[in-house]
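# quick one: sequence plus predicted model below, questions after.
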Amino acid sequence: MNMETPTLGGLSATDPAALLAAVRQANAGTPHPRLREVLDALIRHVHAFALEVDLTPAELDLGLDFLVRIGQASGPHKNEGILLADILGLATLVQLRGARQALAQGGTEPALVGPFWRAQQPLRASGDSIATPDTPGAPLHVRGRVASLDGRPLAGARVETWQASPKGLYENQDPAQQDMNLRGAFLTDAQGRFDFHSVRPAGYPVPIDGPCGELLAAQGRGAMRPAHLHFIVVAPGHKVLATQFFDIEDPHAHEDVVFGAVGSLLRHFEADGQGGFGLDLDLRLEPGETRLPHCPLP
Ligand SMILES: [Fe+2]
């Protein structure tokens, strides 16, 4: 036996290709076919990654410690794991990829639900305001139409919306706002239309008090999301559309820290000549199973 070259089940452990082959072989008996496929790809990519950057043992320890701290910083009201997937662009990649067939047929781009959607947002009448009268900020009038991919209007669709205030705070973060301020649900009319008033929102930073904040600082990146309105649209016989529309005039419009401000989701909030703004939305939903995303807040 050659004492300079340790062996791994008869394979040379100094040969990365042989080591990779052994690890893949160990995974080959995974009974669930999709899990086997995903793990095999993960194994191949982490091995290639370590070789590409010539990862040192100290760097591996640092990375594993980072993952441990991601878990330790997470709980019922904070999820640094989700935030990590967001700031690496992974969440947006997976979401856009999942919608690619609908997008090819003119479907509206999805965007992340995020951590601020609340269950049981108040159902309001068409034309109502989601902002209490004491909410500061420039008036914003939102008009939209919900349709299927073929252009057929969807009557009775439930349009949920929520947004941050002009100070960049959601009501559940801000003692100065009333419960459920800047939130609402609307039902579309026979032509698929909805209509509501609000105020122009402001952008805000993602939380930077955890390991993800350290990562952003180490990258020299900002933490801002450009101003946006969230939507979840629910229509029978159609996939649920979760998306966001962004203010293209926001200084961070092209550097959304979670990379969600893409394509047609960046919009001009049109000045109405009286200090207010208007936003017209054409929402196209893909036929399919209606399945609501997890609601992060009560
Ligand atoms: Fe948001």
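That came through fine.

# longest helix anywhere in the protein?
Longest helix in the chain by number of residues, with DSSP state H as the criterion: helix 33-53.

# can you list the buried residues in the following helix or strand past that one?
Next helix or strand after helix 33-53 toward the C-terminus (DSSP states H and E): helix 57-72. Across helix 57-72, burial judged by 16 or more other Cβ atoms under 10 Å covers residue 70. All C-beta spots, glycine's among them, are computed from the backbone N, C-alpha and C.

# same for helix 57-72, what does it pack against?
Judged by 3 or more Cβ pairs under 8 Å, 6 or more residues apart in numbering; DSSP states H and E, the packing partners of helix 57-72 are helix 80-87, helix 211-218.

# which of these sits closest to residue 288?
Nearest to residue 288 among these is helix 80-87; the distance by Cβ to Cβ comes to 23.7 Å.

# please state the offset of the closest one from the chain centre?
The chain centroid and the centroid of helix 80-87 are separated by 9 Å under Cα atoms, centre = their mean, to the nearest Å.

# and the angle from it to helix 57-72?
Counting by axes from the mean of the first three to the mean of the last three Cα atoms, to 10 degrees, helix 80-87 lies at 110 degrees to helix 57-72.

# send me helix 80-87 as PDB with only the CA atoms.
Only the C-alpha atoms of helix 80-87 are listed here, as PDB (Å, rounded to 0.1, in the frame of the first residue of the first chain):
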ATOM      1  CA  GLU A  80     -32.900  34.900   8.400                       C
ATOM      2  CA  GLY A  81     -32.900  31.800   6.200                       C
ATOM      3  CA  ILE A  82     -35.600  33.300   4.000                       C
ATOM      4  CA  LEU A  83     -33.700  36.600   4.000                       C
ATOM      5  CA  LEU A  84     -30.600  34.800   2.900                       C
ATOM      6  CA  ALA A  85     -32.300  33.200  -0.100                       C
ATOM      7  CA  ASP A  86     -33.800  36.700  -0.900                       C
ATOM      8  CA  ILE A  87     -30.500  38.700  -0.800                       C
END
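
# what sits up against that helix?
The contact list for helix 80-87 (Cβ atoms under 8 Å, 6 or more residues apart in numbering) reads 69-71, 73-74, 91-92, 112, 115, 206-207, 210-212, 215-216, 221, 257-259.

# list buried members of those residues by neighbour count.
Among these, the ones that count as buried by 16+ other Cβ under 10 Å are 70, 73-74, 91-92, 112, 115, 206, 210-212, 215-216, 257-259.
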